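> Here is the input, now give the coordinates:
(2 chains)
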Number of protein chains: 2
Amino acid sequence: MPDLYLPLLIAPLLGLTAIFFAVYLIRDLLKKSKGPAKMVEISEAIRVGANTYLALQFFIAALFVAGLAAILGWILGVAIALSFTLGAILSGLSAYVGMRIAIYMNVRTANAACCSFNESLSIATKSGTVAGLSLTGLGLLGVGLLYIIVGDPLLLLGMGFGASLVGLFARVGGGIYTKAADIGADLVGKVEESIPEDDPRNAAVIADQVGDNVGDIAGTGSDVFQSYVMALVAAMIVGLAVYGISGLLYPLIVAAVGVVSSLVASFFISTKKGDAQKAIYRGLYIAVGLVCLITLPLSWLIFGGLREYLATVLGTFTVIFLAWLTLHYTSLRRRPVQDIARASSAGPAMNIIVGLAKGFESAVPSVLVFAASVLLSFVVNGIYGVSIVAVGFLSINATLVAMSSYGPIVDNAKGIVELSGVSHGNALKIIDDLDSVGNTTKAVCKVYALGTSAFAQVAIFSAFIQATNLRVINVANPTVTAGLLMGGVLSFLFVSQILRAVGNSAFRMVEEVRRQFAEIPGLITGTAKADYAKCVRISTRGALKGMFFPAIIAIIFPLAVGYFIGVEAVGGLLAGNLVSTILLGFMMIQSGASWDNAKKYVEAGNLGGVGTATHQATVVGYTVGDPLKDAAGPSLDFLMNLIGSMSILFASSFLAYALFA
Amino acid sequence: MPDLYLPLLIAPLLGLTAIFFAVYLIRDLLKKSKGPAKMVEISEAIRVGANTYLALQFFIAALFVAGLAAILGWILGVAIALSFTLGAILSGLSAYVGMRIAIYMNVRTANAACCSFNESLSIATKSGTVAGLSLTGLGLLGVGLLYIIVGDPLLLLGMGFGASLVGLFARVGGGIYTKAADIGADLVGKVEESIPEDDPRNAAVIADQVGDNVGDIAGTGSDVFQSYVMALVAAMIVGLAVYGISGLLYPLIVAAVGVVSSLVASFFISTKKGDAQKAIYRGLYIAVGLVCLITLPLSWLIFGGLREYLATVLGTFTVIFLAWLTLHYTSLRRRPVQDIARASSAGPAMNIIVGLAKGFESAVPSVLVFAASVLLSFVVNGIYGVSIVAVGFLSINATLVAMSSYGPIVDNAKGIVELSGVSHGNALKIIDDLDSVGNTTKAVCKVYALGTSAFAQVAIFSAFIQATNLRVINVANPTVTAGLLMGGVLSFLFVSQILRAVGNSAFRMVEEVRRQFAEIPGLITGTAKADYAKCVRISTRGALKGMFFPAIIAIIFPLAVGYFIGVEAVGGLLAGNLVSTILLGFMMIQSGASWDNAKKYVEAGNLGGVGTATHQATVVGYTVGDPLKDAAGPSLDFLMNLIGSMSILFASSFLAYALFA
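From the prediction side, this is the model:
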């Protein structure tokens, strides 16, 4: 295929371009001032804590990956084992790069906030752009190069599997770490001792700041990386089967166009007036517009028709619809959040009941949009249309990652401003404004990652059918029914174990922070220092202990179903898991964000404001929502993609050795 | 089929026998004393309130049913419309009968508690037996006779549809009614004013007592009635298709054997020592033993083999496994409940987080048992085995209804004892002991009704395939994927709307009870009387307003999917709904009960007991769990069966008129 080298090279080359551009941007950003020594000191403490944890986490993950690579090599061959290892390494790298950027930039954002809103916003959004372009560039480069080397998209699934597995460790471990620290800090600090958030007297406060980095940033980085890779690879597999090499090429090219569009759009995310939300959404619309513009001639050129183009456009618009829906359910200017806040005047129980009601409801329109998108793309262009809609969806990945990274960078900057006690100008007010926008953009990006994983999973169905030579997976067959049920069970088990781990660690954290306030004389008056290291240890132990079981059940379920019940039941497993995962995912991400903003709504002075019983009630919902939106909910993405890639990789082994096949 | 009249008559005749025996029992029970005038007065107030509400609810339901019957008659023919109407009437009747029994018996149980534990237990359990035998007898009689008259099991689905629809009104309306009153009474009474439960100064207290009857009793009555009918009819349809008339006969005969076994077992539910739980479970084991004994020769006689027998036994054992699992997750002597209680020492948020974790986890083994049961029965006897396992499961219906009815009767008796202020003997202690057992038996019965509905749904799949002449429902087809997703969406939407309605009404109730305490001078000291009627009105309005939307979406979803996307997508809808519904159902029923018992565990003096912050935290979880376990969770049964029966009834219409079929 020598005449194909040129087009095939487009994807890795543009991926590389994005990475270079990110490096160029960051060199510029690094010139910004880090500010007073006190800020640098705190930022340094956070950096050391985050690096220490991440090194430990990836060391353990590496042992696990090495063992699994050996097993994969033995059962499925060396090529898959290598591809798996590459995916694992790239996933770890993407988590690390994302975190590194955030840690360099949070202190600079904090310092800039002391002087100027626009400067602070500009640093935060540019840092986000760096993260978006480098992670997406890495994904595109990895997939593009590896395909040129191995020449078989099925082998790339090994890469997806590795990326999902290491990402799962990062997401679950980081999620447990951050939420245990966050809940522990809040329950004792805010609720019992009535001291502000991020107060240096709180022993869990450093663990909390470290957690923001290892959870929200490293976790999200590996999340978008793995869902990006999986969706792209799944589309390539289906494309090759349906249209041959041009069917495989098109997804790569759309992804490359998307990276360029995001790069161009990043220049427009700036504001003269102080509306951060508007500036960020403008970037999204411009990126979508550019993708729609550039892919029109390209798809005509490749396929000589517009069916593929329509599916691509549908994919990009699905992103915008989902972003709007998330905005509706989680913004404090809209009714759902305000309803939760109002109900809280009848106490914490009503806050939870109404929050759950809104949460279950919020999944409905989002999943309907997703289902409509699948259905329409199928009507437009058959099974290939369904893969292409996924590619359109994932094309603007870099912009979404930029939106998402903005959130935790500002969140961390806020912590640094508060902990350092620097209070010149209205730094706290500026950073608070930036932060409330970050809450919604974080939710939008989590929804986006969930959507990408779900689209990947739908494309995986078709690839699974091909890999198994099954004509059908018949729901009316009771073995498939059993598989469907087990797929649903898997997501409930998965979620319950993450919540349990967060609950256990948070409980220990609460006890420790209480103990320090009780036993360290002078701590509450500020004359003595808290023992931060002890809280860091509690979070670390909880995270490393809690991250294994979810990974293990995600690996064991498909193997057990495949070898004991048979390959058709595995199809049921995938389908049942898709249904329960996407619904639970939307529910958890959106309800968590709306509980969070219901608290912010009261804190903004509504319904009596801070200090009332209503505010206390909203704190309960906020605390409950935290592990849903930052640990359990987003981890479901990895679950879907892990079992998806495994099912295809092991398909022929299931066929050969299943017990009742 | 004249030679079949005799065996076919067995079912209705034994159904009639059960009803006669119930009448005989109740004549005996009615001779027990109603006790002092004060108790009679309160019981009378509850009776009038419950009758008033039920009359209103069924009047509105009747209008809806009449309209729908006309439409059904027009689209699907007169026979289905009549069968539908009959099901609707019987469902309303079963709700009414169950409630009537409870209302006669609660005052007698209350009075007996003043003198003797055993007498009180005996009245409560016998009343339960009366309810179990009469409701199950009604179902068996209805199905058996109607089949003899119409001669086509497919027509009986109309009956199932009618029963599910009216049952849905009873369950959702009753659930909203009782939970609004219960939450309103608790949040102001227990939490804000610190007065005991069921205190006459609380304005919502009468609405609360009425609610127990219209929700827990009438609602549960119609729930088990409809799931019983649906599972039986589905098994008959599949049986006829697979084995001809003997395949149809066997389910009816097993059901008849089950009624007799439950009748005999009821004689053994008595205790010399004071262990109510043991006595009640003994009844369950004896009923299961008898069914296994009697069906052995019968199935050999009919089929000349043991495959059908094995599936039947598997069904009865599935009941016992599920009952054990529910006991494990909801009993206050077991770890899950105690873990929730312990976490509550860190505040209400931790109570909710750990409760949610346990709730999600509790669905896992239950659904695995269900899936294993489906799978094993399929391995043993193919598609017919799956129907027979459902029949084995439903055979001991009467015993389970007896267990369930015991709970609210004792609960109501407790209210009467407290409200009447009669305090001779240790009546309150006795009734409290009986009540805590009732909490678990209620959860077991809800799980049983959910299981029956789910088994019915699995059998419905096979019947659906036959009705549509589809060879397969292929999960890998994107239209089926869209259907699957919409099935999941349906249950999330359904649940969210019920929680919302409960939240709204409870909020209004809280405001009203607060207002009365604030504005009626002398209320809190006991010199003035509360305005109970106003609270009854709030519950009534909330219930009647809230019961429509869930019913309407349950009807519209399958029609929309069937006519717009096509009949194969309807198969996806059923499957997706089964997965999300059974998981959410188990999760909600069991987490609600375990939150409830975590509170009871603290109230029993553990972890500091009543009055501590830990106890306050458990009250939050208890209040959140209430609408999950008594309104949203059990309503899911109806949802499954409604869309199941509709899908088959409309199958040929979908085939003829679907947009993209």
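> Going by C-alpha atoms from here, please, whenever you check contacts or count neighbours.
Noted.
> Is the helix or strand where residue A:324 lies positioned near chain B?
In the assignment (DSSP states H and E), residue A:324 maps to helix A:307-330. No - judged by Cα under 8 Å from any Cα of the partner chain, helix A:307-330 makes no contact with chain B; its nearest approach is 13.7 Å.
> what is the orientation angle of whichever helix or strand comes after that helix with helix A:307-330?
Sequence-wise, the next helix or strand downstream of helix A:307-330 (DSSP H and E) is helix A:335-343. An angle of 20 degrees separates the directions of helix A:335-343 and helix A:307-330 when computed by axes from the mean of the first three to the mean of the last three Cα atoms, to 10 degrees.
> report the longest helix in chain A, please.
Once chain A is assigned using DSSP state H, the helix that runs over the most residues is helix A:348-395.
> can you tell if that one touches chain B?
Yes - Helix A:348-395 is in contact with chain B by Cα under 8 Å from any Cα, via A:348-350, A:352-354, A:356-361, A:363-364, A:367-368, A:371-372, A:374-375, A:378, A:383, A:386.
> what does the stretch 201-350 of chain A put close to chain B?
Counting by Cα under 8 Å from any Cα, the stretch 201-350 of chain A comes close to chain B at A:343, A:346, A:347, A:348, A:349, A:350.
> Among the residues you listed, find me the one that's closest to chain B.
residue A:349 (5.0 Å; Cα to the nearest Cα).
> next helix or strand past the helix or strand containing residue A:572?
Following DSSP H and E, one finds residue A:572 within helix A:567-603. Next helix or strand after helix A:567-603 toward the C-terminus (DSSP H and E): helix A:613-627.
> Pull the residues that contact that following helix.
Helix A:613-627 is contacted by residues A:175-176, A:179, A:183, A:186, A:191, A:341, A:344-349, A:351-352, A:355, A:499, A:502, A:588, A:591-593, A:595-596, A:598-599, A:602-603, A:607-609, A:633, B:348-350, B:352-353 when judged by Cα atoms under 8 Å, 6 or more residues apart in numbering or on different chains.
> Can you select the buried ones among the residues you listed for me in PyMOL?
In PyMOL syntax, the buried subset of those is picked out as below (16 or more other Cα atoms under 10 Å in any protein chain shown):
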select buried, (chain A and resi 175+176+179+183+186+341+344+345+346+347+348+349+351+352+355+499+502+588+591+592+593+595+596+598+599+602+603+607+609+633) or (chain B and resi 348+349+350+352+353)
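> just to revisit the earlier point, just confirm yes or no for the helix holding residue A:572 near chain B.
Yes - for a cut-off given as Cα under 8 Å from any Cα, helix A:567-603 has contacts with chain B, namely A:571, A:572, A:575, A:576, A:579, A:580, A:583.
> Low-confidence stretches in chain A?
Judged against pLDDT under 70, the low-scoring parts of chain A cover residues A:1-4, A:271-274, A:423-425, A:660-661.
> So for it, the centremost residue is which one?
Note on chain A: the residue nearest the mean C-alpha position is residue A:220, at 3.6 Å, using Cα atoms, centre = their mean.
> Just list the residues touching the single nearest residue of the stretch 151-300 of chain A relative to chain B, thanks.
With Cα to the nearest Cα as the measure, residue A:187 is the residue of the stretch 151-300 of chain A nearest to chain B, at 7.5 Å. With contacts taken as Cα under 8 Å, 6+ apart, residue A:187 has the following neighbours: A:510, B:346, B:347.
> quick one: the helix holding residue A:324 to helix A:567-603, angle?
Following the same axes, to 10 degrees, one obtains 40 degrees for the angle between helix A:307-330 and helix A:567-603.
> angle of helix A:307-330 against helix A:348-395?
For helix A:307-330 against helix A:348-395, the angle by the same axes, to 10 degrees is 160 degrees.
> tell me which residues in helix A:307-330 are buried?
Of the residues in helix A:307-330, those buried (16+ other Cα under 10 Å) are A:307-320, A:322-323, A:325-330.
> From the chain's centroid, how far away is that helix?
Relative to its chain's centre, helix A:307-330 lies at 18 Å (Cα atoms, centre = their mean, to the nearest Å).
> would you put the C-alpha positions of it in CSV?
In CSV, the C-alpha atoms belonging to helix A:307-330 read as follows (Å, rounded to 0.1, in the frame of the first residue of the first chain):
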residue,chain,number,x,y,z
ARG,A,307,-23.6,10.3,3.6
GLU,A,308,-20.4,10.0,5.6
TYR,A,309,-20.3,13.7,5.9
LEU,A,310,-23.7,13.9,7.4
ALA,A,311,-22.8,11.3,10.0
THR,A,312,-19.7,13.3,10.9
VAL,A,313,-21.7,16.5,11.4
LEU,A,314,-24.2,14.6,13.4
GLY,A,315,-21.4,13.5,15.7
THR,A,316,-20.1,17.0,16.3
PHE,A,317,-23.6,18.3,16.9
THR,A,318,-24.2,15.6,19.4
VAL,A,319,-21.4,17.1,21.5
ILE,A,320,-23.1,20.4,21.5
PHE,A,321,-26.5,19.0,22.4
LEU,A,322,-25.0,17.0,25.3
ALA,A,323,-23.1,20.1,26.5
TRP,A,324,-26.3,22.1,26.5
LEU,A,325,-28.2,19.4,28.4
THR,A,326,-25.4,19.2,31.0
LEU,A,327,-25.5,23.0,31.3
HIS,A,328,-29.2,22.9,31.9
TYR,A,329,-29.1,20.3,34.7
THR,A,330,-26.0,21.6,36.4
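> Show me what that helix packs onto, helices and strands only.
Here helix A:307-330 is seen to pack against helix A:276-303, helix A:335-343, helix A:348-395, helix A:427-468, helix A:567-603 when contacts are counted using 3 or more Cα pairs under 8 Å, 6 or more residues apart in numbering or on different chains; DSSP states H and E.
> and the angle for the second one with helix A:613-627?
In this case it means helix A:335-343. Here helix A:335-343 points in a direction 130 degrees away from that of helix A:613-627 (the same axes, to 10 degrees).
> Which positions in helix A:335-343 come out as buried?
For helix A:335-343, a neighbour-count test (16+ other Cα under 10 Å) marks A:336, A:337, A:338, A:340, A:341, A:342, A:343 as buried.
> what's in contact with that helix?
Residues beyond helix A:335-343 that count as contacts (Cα under 8 Å, 6+ apart) turn out to be A:328-332, A:350-351, A:354-355, A:358, A:594-595, A:597-599, A:601-602, A:607, A:614, A:618, B:507.
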